[in-house]
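Chemist: Okay, here's the prediction I keep looking at, along with the sequence it came from:
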Amino acid sequence: MSGASFDLREGEAIGLAGESGCGKTTTALALMKLLPSNGRIVGGSVSFEGRNLVRSSETTMRKVRWKKISIIFQGAMNSLNPVRRIGGQIAEPIILHEGATKTAAMKRAGQLLELCGISGERVNDYPHEFSGGMRQRVMIAMALACNPSLVIADEPVTALDVMIQAQILELLERLRRDLGLSMILISHDLSVLAETCNRVAIMYAGKIVETGLVVDVFSDPKHPYTQGLIAAFPDIRSQRVMPEAIPGDVPSLIAPPTGCVFHPRCKSAFERCSKAEPSLAEIAPDRRAACFLYPEVPEVSERTSPLPAP
Amino acid sequence: MFGAARQWAKAVDGVSFDIRKGEVLCLVGESGCGKTSTGRAILKLTEATGGDVFLEVPDEEVKRFREAASKPDRPDSAKVMDEVRRKYSITWKESIAWRWPEILVLAAMVAAGTLAAFLIPALLVGFVTDPFASSWTTIGFGVAVGAVLGTVASWPPGRPWRRLPIVVGLLSVILVITGGIPTFFFAQFVGTEPEGPTISIPWQRDLFGMLLATSFAPMFAAGSSALVIDWRTRTGGLSETMQRLLRRFQRFSEQASAALLGRRQPTRRPPGIIERILNRFRERSQAVSMYLSEWRKRKGDIGGIRMRALRRRLQLIFQDPYESLNPKQSVYEIVSEPLLVNRVTQSPEETTSAVLSALRDAGLRPAEEFVFRFPHELSGGQRQRVSIAAALVLEPDFIVADEPVSMLDVSIRTGILQLMMDLRKSRGLTYLFITHDLGLAWIIADRIAVMYLGKIVEIGTAEQVIRQPQHPYTRALISVVPSPDPRKRVERVIVKGERPDAANIPAGCRFHPRCPMAFEACGWDAEEVAEELQVLQAAGRLPDVGMIMAQGERAIEILPAPGKSPTDARSALEAVLAEERNARLALKAIQGVRVRDDRIILMLHAGSAPRLTRLAPEHSVACHLITPPSTASVAVTA
Amino acid sequence: MGEVAHPVRIVSPFRARAIVLARRLRAVSLQVLHNRSAVLGLGILVFFFVLAVAAPWIAPYGPLEPVTDAPPLSHASPQHPFGVNLLGRDIYSQVIWGSQVSLIVGVMSAFVAIVIGTGVGLISGYVGGWLDEVIMRFNDVVLSIPFLVLMIVVAARIGNLDLWGIIFVIGFTGWSVTARVVRGQVLSLKERMFVERGKMIGSSNWHIVIRHILPNAFPVVFANGILTIAISILSESVLAFLNLSVRNNVSWGRVIADAVRNDAITNGMPEWLIVPGLCLVVLVFGFYLFGYALDEILNPRLRRR
């Protein structure tokens, strides 16, 4: 992915939207420097509490992970250790990061469960005794174990029933308000983001193509891809019309199209789109888009600040 | 419907609906509500434990059937229902009970054949010259005579005695081969034994007699298998294999008799004395005759052949485009397989052109490019189109689509949905669309049926269900569906709790533990109310109360706290109940509070399961709020 | 998407399948060639295969032919690169001839074991029920007897085995593991969605087993088969060591047996023992390398998008 940049203010929730394969999870992993061995950060910076994480060493990162930033992975509810009680699993990061005693950590685990809507007595149960929705709550409790200030949630509600989905989203909202968390919510489901986030960033093929406040972006999308994506969702509260499809397929990231990544599928593409790549630029107060339809948008220049070798 | 170990979990219980030709019916519900099981049961991919699936039934027959079903006590109701089932049902199996004389008859038949199998070759070989010297042989012979008579007696009317020799002869031939040849070789082997002391009755005859007597073993085997067949028929029908075997046997005997004796119409004469005896005998052994002759009177076959012909008209589109295609098969093989398996096409050219046209209809153009690709070279949307092409290639009339787009990206979903709707128009297809996404149902469905935990709670046209939902669950479901337009946010009714385990279905209305509007008629259990009271007690709201115990299903016993009088405890309890009734709905089920001896008894209302009742043409709901239980009209199936 | 005219040859389903198989074979071969261990293993196998085939022309002497120009127990010389053993035979020729027996017996007996094991595993796994139980219990019994012991006892009892005899003895005693592996694979394949789809369109069970289950089980069968070959080669050498193998030809096991029985090392001829031993080890190692690499290639790890 390239050309992804967004800001997040304290206490805010930003949604990262996009279809599968567009790089949302990669962005999240990159933020915490958890990329797999075949991934590398080649440029850019991540500014967190005044520090540039990209340039931080692994030791610094270890202090940051889970204590300042924690992440709920995609499908995490299925990766709980089935032979350990969940109390122990929640307590583990507390013991590791804060050096707490086992009793203190277990007590805190019980409190976290209560915070997330599970009876504290269940701290000694095994993962298989929980349903999918409850396991996700356990994951959230685990993410909050060390009192982070930023939580990244990667597809937190995708595999759940619509009713449980609503419950979990409501929980996340409540936690954000009560604990003053900042959140990055990653989802392919725009409707989920519309309900829970303040701001949103739309990704396509490894680039962010539009950012802004949720209300603004959804009511008046600027980028053609955003427009297409919103139009593709069936709306139960409006007319019974078949949503529009975006023609074509998602491009392969190994051989992306020249110029603007989206231009082969874009209805409003014109000549410049195939020649040059638009960069994400501000086109209105607190609104950014990467599209040549807006004259303010410049072309992409060379990368700044090359990274030291990993 | 599914059994795990010995526990039956009724995944779907009492679901009934119609699908009209050319319409799209959406079965909507969360995971575990039984919608997938229903879809599969319709296609006979899973066996339903009861109920019928009718195909192409005219309206009058439906009315007749429903009328007969609603009046089960009338004598001819069962007959009418069976008649309709016989003609239109794809799940019905003839259920014939065996009676013990019939079992004996069948056993005797087998014994006769076994006897013949041993006797004939032994006589031929010269091994036996005096068959009746041993008592064993006498017994065997007696049994054989009885068997012959029984067989004659049980023969079907019309041409009673003509097919008898054929059948017995056939049986004997089979058994001669399977039994006679070993006997022959046994004789040879026996012949090489060294000489031993001679006995009064030659031991060969005794041995032979024993062999005859062991024909009892097949008789018992036949008897017990007949009993098993009887039991199976009563509990759920014979397995397909057994039916097929019995049918094949019947057909074979028919053909053989036709070949040997010619098809001649029975001449009408008054029955002679022998025939009269036989008729009386026959009346008591109807089962065998039914199996072997009544079947041919029925229109077409059930099971086997009929289902195979039906499989072409009923197809399924699977949910997972990644799993439902064999990774080792090319697209050509996947799409042509149904044609080859059902022997639809005659030549490779025909097959290829059918495959290409199916791929084109599914939107994969140019079809030639896709033909030799493998599933892993295709994207999710393309794979699903291949799935659809494979379903289309047999030119079905009815397609069950099990969440066909839920695993695809949003921008691709529209393409697939549009394709399915276009095909509906161009080919006149009927869809049963199973989905958990109400938004999807809203756009494509003509009618929507909302399911919860194995029952339909609401069914109606899309407009009715989405715009005027009546059932609390439907309302909650709709409110919770997020909208991509943040201006259209509505108040979400988030139902509390989680879907209960299918092995532990709540009594009464299945939704009542989670319903925001439950009241006393919804079927609260004493356990549930007791639990609610215990929660209150734990929160310190009931200091005057001691133990709370559920007694049976409709009563709760409460002991006052030590040192408190029952009357005080009761008034405190009543005060708290009055306060908390609306917040904790389980408490609404309490009908009365009484003091008896030194304890308090709570009586609960009786609850019941709501039935699907019609509110408007096309719109039916199953909820006590809508149709108070006391005035429930005749329950109508949707 | 507009239509583009492509020339399409109308082929019969058989031809279509053949084309598709050929393409797949080519894809797999390319992958094999890129894998270093596969190439190394393959190289070893090819080397010994060529050796076995060309034995009649390469070996200067017959397998049991006594040499005339050197005394017994003489060390390496230009005419006898590995020396001459106590019985007056050229070790070099014996090793070359030995590759023949070892390879033939190894491959053929493994083939027998694979055919039987796959058949049993397919039926047992697919049919299930009591048949599966019966077969698996029988399998348990066979497996509980140490394979070598079983094989030795059977071979000794029958006695006087020719080449085919050895092949069948090893094959018939060695099918159990393959059956178990195949059955496991069949059990998991049985539940896959495309098998359900096959049932739904009306395929007979036979059709499903042949067209859906077997092709997907094949990678496992093949990889397991390669390893079975390695085991068979070793088994043959054990039999030869105990003088139960073929008489008219030598196998490496036989050479090793001779060496041990004639105290090769104390007699100062370690190469008599080492050379065939080394060949055995290297060949089996080659099979293992190739087998493991093939398993990696043929078993798709990433099944998801």
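Modeler: Yep, it's here. Residues are numbered from 1 along each chain as shown, chains lettered A, B, ... in the order given.
Chemist: Which residue, other than its chain neighbours, is closest to the residue of the stretch 51-200 of chain A at minimum distance from chain C?
Modeler: Residue nearest to chain C within the stretch 51-200 of chain A: A:G75 (10.9 Å; Cβ to the nearest Cβ). In this view, the C-beta of every residue, glycine as well, is placed from N, C-alpha and C. Nearest non-adjacent residue to A:G75, counting by Cβ to Cβ, 6 or more residues apart in numbering or on different chains: A:A159, 6.9 Å away.
Chemist: Number of residues surrounding the one you found?
Modeler: The local packing of A:A159 (other Cβ atoms under 10 Å in any protein chain shown) involves 16 other residues.
Chemist: and it, that's in a strand?
Modeler: No. Judged by DSSP: H, G, I helix; E, B strand; the rest coil, A:A159 forms no part of a strand; its state is coil.
Chemist: check contacts around it.
Modeler: A:G75, A:M77, A:G132 (Cβ atoms under 8 Å, 6 or more residues apart in numbering or on different chains).
Chemist: hmm, stretch B:473-488 in reach of chain A?
Modeler: Yes. Interface with chain A: stretch B:473-488 contributes B:A476, B:L477, B:I478, B:V480, B:V481, B:P482, B:S483, B:P484, B:D485, B:P486, B:R487, B:K488 (Cβ under 8 Å from any Cβ of the partner chain).
Chemist: Which of the residues in that stretch are classified as buried?
Modeler: Across stretch B:473-488, burial judged by 16 or more other Cβ atoms under 10 Å in any protein chain shown covers B:473-486.
Chemist: Tell me, please, where in chain A the pLDDT is lower than the cut-off.
Modeler: Counting by pLDDT under 70, the ranges of chain A that qualify are A:1-4, A:45, A:301-310.
Chemist: what mean pLDDT does stretch B:395-407 have?
Modeler: If you average the pLDDT over stretch B:395-407, you get 89.
Chemist: That one and chain A in contact?
Modeler: No. Interface with chain A: stretch B:395-407 contributes nothing (Cβ under 8 Å from any Cβ), its closest point being 9.8 Å away.
Chemist: got a list of contacts for that stretch?
Modeler: Contacts with stretch B:395-407, where a contact means Cβ under 8 Å, 6+ apart, come from B:19, B:21, B:36, B:39-40, B:42-43, B:312-322, B:380, B:384, B:387-388, B:391, B:412-413, B:416-417, B:420, B:427-437, B:440.
Chemist: Do a quick rundown of the strands in the chain.
Modeler: Defaulting to chain A. Counting by DSSP state E, chain A has strands at residues A:13-17, A:47-48, A:51-52, A:69-72, A:150-154, A:182-187, A:199-204, A:207-213, A:281-284, A:287-289.
Chemist: that answer is for a different chain, and I need it for chain B
Modeler: Using DSSP E, the strands of chain B run over B:2-4, B:7-9, B:24-28, B:314-317, B:398-402, B:430-435, B:447-452, B:455-461, B:545-551, B:555-560, B:590-596, B:599-604, B:613-616, B:619-621.
Chemist: Turn these into JSON lines, columns for mean neighbour count.
Modeler: Formatted as JSON lines, the strands of chain B follow (neighbours: other Cβ atoms under 10 Å in any protein chain shown):
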{"stretch": "strand B:2-4", "mean neighbour count": "11"}
{"stretch": "strand B:7-9", "mean neighbour count": "12"}
{"stretch": "strand B:24-28", "mean neighbour count": "25"}
{"stretch": "strand B:314-317", "mean neighbour count": "25"}
{"stretch": "strand B:398-402", "mean neighbour count": "24"}
{"stretch": "strand B:430-435", "mean neighbour count": "24"}
{"stretch": "strand B:447-452", "mean neighbour count": "25"}
{"stretch": "strand B:455-461", "mean neighbour count": "26"}
{"stretch": "strand B:545-551", "mean neighbour count": "16"}
{"stretch": "strand B:555-560", "mean neighbour count": "20"}
{"stretch": "strand B:590-596", "mean neighbour count": "14"}
{"stretch": "strand B:599-604", "mean neighbour count": "20"}
{"stretch": "strand B:613-616", "mean neighbour count": "16"}
{"stretch": "strand B:619-621", "mean neighbour count": "25"}
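Chemist: would JSON lines of those strands with distance to A:L181 be doable?
Modeler: Below are the strands of chain B laid out as JSON lines (distance: least, Cβ to Cβ, whole Å):
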{"stretch": "strand B:2-4", "distance to A:L181": "42"}
{"stretch": "strand B:7-9", "distance to A:L181": "40"}
{"stretch": "strand B:24-28", "distance to A:L181": "34"}
{"stretch": "strand B:314-317", "distance to A:L181": "42"}
{"stretch": "strand B:398-402", "distance to A:L181": "39"}
{"stretch": "strand B:430-435", "distance to A:L181": "34"}
{"stretch": "strand B:447-452", "distance to A:L181": "34"}
{"stretch": "strand B:455-461", "distance to A:L181": "38"}
{"stretch": "strand B:545-551", "distance to A:L181": "40"}
{"stretch": "strand B:555-560", "distance to A:L181": "43"}
{"stretch": "strand B:590-596", "distance to A:L181": "42"}
{"stretch": "strand B:599-604", "distance to A:L181": "44"}
{"stretch": "strand B:613-616", "distance to A:L181": "46"}
{"stretch": "strand B:619-621", "distance to A:L181": "42"}
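Chemist: how about these, which one is nearest C:I213?
Modeler: Closest to C:I213 of those, according to Cβ to Cβ: strand B:314-317, at 20.0 Å.
Chemist: Check which helices and strands the closest one sits against.
Modeler: The contact analysis (3 or more Cβ pairs under 8 Å, 6 or more residues apart in numbering or on different chains; DSSP states H and E) places strand B:314-317 against helix B:35-42, helix B:380-392, strand B:398-402, helix C:193-200.
Chemist: Could you save those as a markdown table and add columns showing distance to B:R581?
Modeler: What follows is the helices and strands packed on strand B:314-317, written out as a markdown table (distance: least, Cβ to Cβ, whole Å):
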| stretch | distance to B:R581 |
| --- | --- |
| helix B:35-42 | 35 |
| helix B:380-392 | 51 |
| strand B:398-402 | 43 |
| helix C:193-200 | 50 |
